[in-house]
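[1] Sequence below, structure please.
(4 chains)
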There are 4 protein chains.
Amino acid sequence: MKMYLGINDENFLREKKIPMTKREIRILTLALARAYDAGIIVDIGAGTGSISIEAAKFVPDGNIFAIEKNLDAVEILKKNLENFSVDNVTVINSEAAQALKNFSRFDVAIIGGSGGNLEEILDAVDEKLNAGGRIAANLISIQNLSTCLQWFKRHENYHYESMQVQINHFNQVGVYDMAKAANPICIVIGTKD
Amino acid sequence: MKMYLGINDENFLREKKIPMTKREIRILTLALARAYDAGIIVDIGAGTGSISIEAAKFVPDGNIFAIEKNLDAVEILKKNLENFSVDNVTVINSEAAQALKNFSRFDVAIIGGSGGNLEEILDAVDEKLNAGGRIAANLISIQNLSTCLQWFKRHENYHYESMQVQINHFNQVGVYDMAKAANPICIVIGTKD
Amino acid sequence: MKMYLGINDENFLREKKIPMTKREIRILTLALARAYDAGIIVDIGAGTGSISIEAAKFVPDGNIFAIEKNLDAVEILKKNLENFSVDNVTVINSEAAQALKNFSRFDVAIIGGSGGNLEEILDAVDEKLNAGGRIAANLISIQNLSTCLQWFKRHENYHYESMQVQINHFNQVGVYDMAKAANPICIVIGTKD
Amino acid sequence: MKMYLGINDENFLREKKIPMTKREIRILTLALARAYDAGIIVDIGAGTGSISIEAAKFVPDGNIFAIEKNLDAVEILKKNLENFSVDNVTVINSEAAQALKNFSRFDVAIIGGSGGNLEEILDAVDEKLNAGGRIAANLISIQNLSTCLQWFKRHENYHYESMQVQINHFNQVGVYDMAKAANPICIVIGTKD
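    Numbers count the residues shown, from 1 in each chain, chains lettered A, B, ... in the order given. Model prediction:
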């Protein structure tokens, strides 16, 4: 399979209530997590699967595990996998912390959604993350951002970096190009020593 | 009348198709244009009247002229004036350049909408703007921003400053505060020597 | 004294190590805190005095108290007060929580700096804030933003709003206007029932 | 050579006067230009070579041509190529439009700097760009952004998308994480039919 990075958002099936990580955030998250250097990637709170599918295309030799507890989301996720003819993503319909216990190890964990259990998820990820592995979290609330930063501050065997990304797309309206804001997303990348 | 600055956006009647300048942009635009120091303020492309009403409350001793060519907008504008019990705003239902000819002079011109005639409007404003007067434009397209900056560069009897303002309100959703982006607005303030 | 709002940042004496609230943030903070409606305003962590002086000019009838524990900052603050010929600002060289005990009441508290004691300061402010009074905090770290939001969530006799403000000034470099980013600031405004 | 994406900015030799495209902008520009799908990539206004080297690592099978007219920049560029042990970048010390004439064709053109000749460069790029090829421009002035958008609007055999990217890195200062703004960059990506 040929490598690809930067799938258009419109190419994913979506449902209003299931949030989707946008293209530029997917690109930055996967690049900064050095997903291309990973054998096994877990996508936690996979939602409609946009991160899993992007990772599958970006890392054709990698094995991606899409963990999602919500059944409605899982159905859309599976349709998206089909539409993109992706064959290196395994769907796990389960609570994240529970699902992670069944892994022996992985190299990269992407946390897209945490359903209010971010700290528990970080602990569960830490248990199975290889040395040199990366945790990348996409955070939209101040509370989860703060929880994530404090977790990394407490875990001195990780170093981390974090940033807020704000993208304003210019919409083409007649002769004009007009900035249309996307909500800012915070990305935290922690690397295990 | 008591001075007031920073009316909540929800307090204005609006119509979907008629754009409205948001609270933080109104505050910054009026402060940076030093509206409080003006006798006569013209609000060009007044739309639903949010800038005119904000100016009327911020500068109770000033006379504000709300110029708007769209009849639908004028109707909402008038209802808003009534709801806010504002008595220092005069509505002019006309093309901007045409309306400006009837003024003898003014101190501050706010350009909220230009309907594709920004250059013509700037020329017409310049004709009647007092020495020391300010032009403040709120711009959402790259084309109008560029036109506005080039106009000021060509008119050496003005000095100007310009900025992009991006506000992310944190919405309170359960236990979370989540950033909700507003579209960025560019503000250009030119002062006539 | 005539009302004024939006002092240029260059008009303040500054010292590198003493941070200064920038013009657009001062304008928004004072407007959203409805400082114009306050008799007594306390400026906590006044630093070089930019907020106090802006408030003094914006609210000529108000009494502003600039609280600052750092002696070096207080000296610059006093020079700034002199340069701006401000006569409605009282300087208090003290720890914030200690200084606040000596007040009987006030209408608006601006928290510009908290020196690691944000929660203690919020508690001390709450003790003396009038009903209907406003607390406005300018926050630059995720930790203090989070602490502030959680404080307001716990205090149900307050309602609050919060936002991140990012200003990109366009610098004039030859024929170009080039965006120069200022660090984003979070503003939290709480109103006491 | 193994694929890599997202080189740390500190790993490049730099000189104050020679601007450098930052990591997140490099990642997004190369991904959105689909550099991974290109045989020949030209990097116009290569400066210190950060885009060329990033492209060389991201697309190990591609041939990258770094065009830079400034001799001082070329010297640093060459040192950077050496430090990164990159062997698929060719340096061309020349004016861009002149250098482009010597190509027979290429798949992707990245415009990082245009030295005031953006339109001439776009014309010269267009002459040699393969059908299906991409032009990606990184723009920091409103004037160049506007020129670039108008060029694409006039050339109907291209479709384009454009965006502003603003990254706030959180600096770790003691117990705090504090947003440090990077200047916003506009990215315009045009695809030739």
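
[2] use CA for all of it now, contacts and neighbours both
    Will do.

[3] Strands of chain A, start to end?
    Using DSSP state E, the strands of chain A run over A:40-44, A:63-68, A:89-93, A:106-111, A:129-139, A:158-173, A:176-181, A:185-192.

[4] of all those strands, which lies closest to D:Ile76?
    For the strands of chain A, proximity to D:Ile76 was assessed by C-alpha to C-alpha; strand A:158-173 is nearest, at 27.7 Å.

[5] Run through the residues of chain A sitting next to chain D.
    Counting by C-alpha under 8 Å from any C-alpha of the partner chain, chain A comes close to chain D at A:3-6, A:24, A:27-28, A:31-32, A:34, A:36, A:161-171, A:179.

[6] Would you mind checking those for buried ones?
    Neighbour-count burial (16 or more other C-alpha atoms under 10 Å in any protein chain shown) applied to the residues of chain A next to chain D gives A:4-6, A:24, A:27-28, A:31-32, A:34, A:36, A:161-171, A:179.

[7] got any ranges where chain A has weak pLDDT?
    Applying pLDDT under 70 to chain A flags the ranges A:1.

[8] Need the contact partners of stretch A:97-108.
    A:33, A:35, A:38-42, A:67, A:92, A:120-121, A:124-125, A:128-130, A:132-136 (C-alpha atoms under 8 Å, 6 or more residues apart in numbering or on different chains).

[9] give me the number of residues near the residue nearest to A:Gly190 when sequence neighbours are not counted?
    Among residues not flanking A:Gly190 along the chain, A:Tyr160 sits closest, at 4.0 Å (C-alpha to C-alpha, 6 or more residues apart in numbering or on different chains). Neighbours of A:Tyr160 under the rule other C-alpha atoms under 10 Å in any protein chain shown: 17.

[10] Was I right to think A:Tyr160 contacts A:Ile187?
    No - A:Tyr160 sits out of contact with A:Ile187 when judged by C-alpha atoms under 8 Å, with a separation of 10.4 Å.

[11] which of the buried ones among the residues of chain A next to chain D come close to chain C?
    Restricting these to those touching chain C (C-alpha under 8 Å from any C-alpha) yields no residues.

[12] Now do the contacts for A:Ile189.
    By C-alpha under 8 Å, 6+ apart, the neighbours of A:Ile189 are A:Leu32, A:Ala33, A:Arg134, A:Ile135, A:Ala136, A:Ala137, A:Tyr160, A:Glu161, A:Ser162.

[13] I'd like those as CSV, with distance to A:Ala96 appended.
    Output for the contacts of A:Ile189, formatted as CSV (distance: C-alpha to C-alpha, whole Å):
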residue, distance to A:Ala96
A:Leu32, 22
A:Ala33, 19
A:Arg134, 17
A:Ile135, 14
A:Ala136, 15
A:Ala137, 14
A:Tyr160, 22
A:Glu161, 24
A:Ser162, 23
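
[14] Looking at the residues you listed, which one is closest to chain C?
    Nearest to chain C, judged by C-alpha to the nearest C-alpha, of those is A:Ser162 at 11.1 Å.

[15] mind checking how far the closest residue to A:Asn8 other than its chain neighbours is from A:Asp87?
    Once flanking residues are discounted, A:Asn8 sits nearest to A:Arg23: 6.4 Å by C-alpha to C-alpha, 6+ apart. To A:Asp87, A:Arg23 is 21 Å away according to C-alpha to C-alpha, to the nearest Å.

[16] Comparing those two, which residue is more hemmed in?
    Remark: of A:Arg23 and A:Asp87, A:Arg23 carries more neighbours, 20 against 15, as counted by other C-alpha under 10 Å.

[17] The more buried one: what's it in contact with?
    Listed by C-alpha under 8 Å, 6+ apart, the contact partners of A:Arg23 are A:Gly6, A:Ile7, A:Asn8, A:Asp9.

[18] what's the farthest-apart pair in the residues you listed?
    Across the contacts of A:Arg23, the longest distance by C-alpha to C-alpha is 8.8 Å; it joins A:Gly6 and A:Asp9.

[19] Could you count how many residues lie near A:Asn8?
    Neighbours of A:Asn8 under the rule other C-alpha under 10 Å: 12.

[20] err, A:Ile18, not the other one
    A:Ile18: 13 surrounding residues under other C-alpha under 10 Å.

[21] With A:Val91 instead?
    If you count neighbours by other C-alpha under 10 Å, A:Val91 ends up with 18.

[22] A:Val188 and A:Tyr160 touch, don't they?
    Yes - counting by C-alpha under 8 Å, A:Val188 touches A:Tyr160, with 6.9 Å between them.

[23] Up against chain C, what does chain A have?
    Counting by C-alpha under 8 Å from any C-alpha, chain A sits next to chain C at A:Ile142, A:Gln143, A:Leu145, A:Ser146.
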